[in-house]
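Asks: Just the structure for this:
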Amino acid sequence: MRRGIPDLPPSPPSTRAERLAAFFLPIAFSLLFVNVNGASAEWVEWIADAEVGLVHEDNINRSAWASNEKKDTSLVPAVSLGRIYQLADATRLRVTADFEAAAYDKYDLLNYWKAGAALALRHKLGVGPDVPWVQARLAGAYMDARDEMRESKLYSAGLLAGKRFDERIDARIGYTYDVRDGKDGPVSSPSIPTDVFDQRAQTVSLDAGYILADRLLVTAGYAYRYGDTDSACDGENIATVLAGEDVKALATESAFREPFCVYRLTGRVHSISLSASYSVLKGHGSLNLGFQRSYGKSRSLDYESGVIRAGFVYSY
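Replies: Predicted structure coming up:
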């Protein structure tokens with residue numbers, strides 16, 4: 001335990017994101033292969049993006065105790081296929097089917113694959129490259145993990161707005177509501193639920209990009225997340241957690257090859273990030289390197305974690 005903060009109100013329960021996803025995501029898949037005719041609306045292009053990344057996390061279990069922190073590196077390939085539908089001169093609908101997997105070096109029970117779909121409606125508030133734009137996005141996915149209790153249905157709904165200020169600088173601000181519907185885990189305490197990975201969270205983000213050179217883009221960002229967070233620690237420290245926290249769920253943990261407990265509580269996370277992207281292959285590809293530092297806080301605990309990402313993206 002490092003330092004305490006004032007108590008936080010619980011996140012209000014909601015199933016709105018799940019209901020929206022259940023209605024719209026089947027439509028998203030079907031729109032990929034439907035031709036729509038209209039006076040000015042039409043499909044304008046296909047989307048085919050492939051990415052492979054190497055991700056290193058120095059506190060992958062978000063432990064509040066340095067002695068319990070686990071670190072690992074994963075290989076993360078991803079593919080996104082879809083179409084863009086031009087609804088009007090200033091309005092576009094982006095429809096994608098998205099696939100991702102992760103293979104961890106040490107803790108292979110964290111390995112997963114997930115598949116889903118997303119709808120994004122983007123509208124420019126005028127004519128010209130420097131006018132602001134707004135985007136609404138809805139997404140859903142199923143994640144299959146080697147550790148069975150981490151299998152989840154994932155939903156998100158969000159708004160994003162952005163503007164280019166000149167030829168080199170642009171910025172974006174966004175809000176996302178995320179829902180994770182997970183499974184029950186092994187019982188650790190008969191009086192506490194075990195659905196650790198049933199989570200709700202809200203995130204507000206702000207980032208800005210600067211073209212440092214002809215093919216080099218540098219981006220800095222900040223994000224604030226409030227809602228459910230899972231964390232893992234050993235049996236000796238779980239007593240401190242239960243004494244000082246309003247634990248929503250608790251289960252025994254096997255992913256880290258030690259007798260750990262994983263628990264869910266309400267907290268806040270502040271994240272700062274910095275990344276660089278270098279364009280290659282005549283603009284079809286990019287080499288990317290990024291770093292993110294997160295600071296999570298709850299009633300009586302806090303944690304820090306760092307993530308380094310390196311990868312290559314190819315867009316057809």
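Asks: those strands in the stretch 1-150 of the chain, which residues are they?
Replies: Using DSSP state E, counting those that start in this stretch, the strands of the stretch 1-150 of the chain run over 42-57, 72-88, 91-104, 112-124, 133-145.
Asks: Can you lay out those strands as JSON lines showing mean neighbour count, distance to Tyr175 and mean pLDDT?
Replies: Placement of C-beta: from N, CA and C, glycine included. Formatted as JSON lines, the strands of the stretch 1-150 of the chain follow (neighbours: other C-beta atoms under 10 Å; distance: least, C-beta to C-beta, whole Å; pLDDT from 0 to 100):
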{"stretch": "strand 42-57", "mean neighbour count": "15", "distance to Tyr175": "24", "mean pLDDT": "93"}
{"stretch": "strand 72-88", "mean neighbour count": "17", "distance to Tyr175": "22", "mean pLDDT": "95"}
{"stretch": "strand 91-104", "mean neighbour count": "18", "distance to Tyr175": "18", "mean pLDDT": "97"}
{"stretch": "strand 112-124", "mean neighbour count": "18", "distance to Tyr175": "14", "mean pLDDT": "96"}
{"stretch": "strand 133-145", "mean neighbour count": "18", "distance to Tyr175": "10", "mean pLDDT": "97"}
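Asks: Quick check: which of the ones you listed is nearest to Phe256?
Replies: strand 72-88 (9.3 Å; C-beta to C-beta).
Asks: who does that closest one touch, helix- and strand-wise?
Replies: Using 3 or more C-beta pairs under 8 Å, 6 or more residues apart in numbering; DSSP states H and E as the contact test, the elements touching strand 72-88 are strand 42-57, strand 91-104.
Asks: what would the ones you listed look like in a markdown table with distance to Phe197?
Replies: Formatted as a markdown table, the helices and strands packed on strand 72-88 follow (distance: least, C-beta to C-beta, whole Å):
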| stretch | distance to Phe197 |
| --- | --- |
| strand 42-57 | 17 |
| strand 91-104 | 16 |
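Asks: Would you mind telling me which of those strands is nearest Gly244?
Replies: strand 42-57 (25.4 Å).
Asks: Tell me which other helices or strands that closest one touches.
Replies: strand 72-88, strand 91-104, strand 302-315.
Asks: Quick one: the ones you listed as JSON lines, columns for distance to Ala145 too.
Replies: Formatted as JSON lines, those follow (distance: least, C-beta to C-beta, whole Å):
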{"stretch": "strand 72-88", "distance to Ala145": "12"}
{"stretch": "strand 91-104", "distance to Ala145": "9"}
{"stretch": "strand 302-315", "distance to Ala145": "19"}
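Asks: of those, which approaches Arg293 most closely?
Replies: strand 302-315 (5.2 Å).
Asks: Show me what counts as buried in the closest one.
Replies: Asp302, Tyr303, Glu304, Ser305, Val307, Arg309, Gly311, Val313 (16 or more other C-beta atoms under 10 Å).
Asks: closest one to Ala276 among the strands of the stretch 1-150 of the chain?
Replies: strand 42-57 (14.1 Å).
Asks: re earlier: of the helices and strands packed on strand 42-57, which is nearest Ala239?
Replies: strand 302-315 (17.7 Å).
Asks: For the closest one, name the packing helices and strands.
Replies: Looks like strand 302-315 contacts strand 42-57, strand 285-297 (3+ C-beta pairs under 8 Å, 6+ apart).
Asks: Is it possible to get JSON lines of these that adds distance to Leu87?
Replies: Formatted as JSON lines, the helices and strands packed on strand 302-315 follow (distance: least, C-beta to C-beta, whole Å):
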{"stretch": "strand 42-57", "distance to Leu87": "9"}
{"stretch": "strand 285-297", "distance to Leu87": "28"}
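Asks: what pairs with the residue most central in space within the chain across the strands?
Replies: Against the mean C-alpha coordinate of the chain, by C-alpha atoms, centre = their mean, the closest residue is Asp178 at 8.5 Å. As for beta bridges, Asp178 partners with Ser156, Ala201 under DSSP bridges.
Asks: Tyr155 is in contact with that one, correct?
Replies: Yes. Here Asp178 reaches Tyr155: they are 7.3 Å apart, a contact under C-beta atoms under 8 Å.
Asks: Thank you, goodbye.
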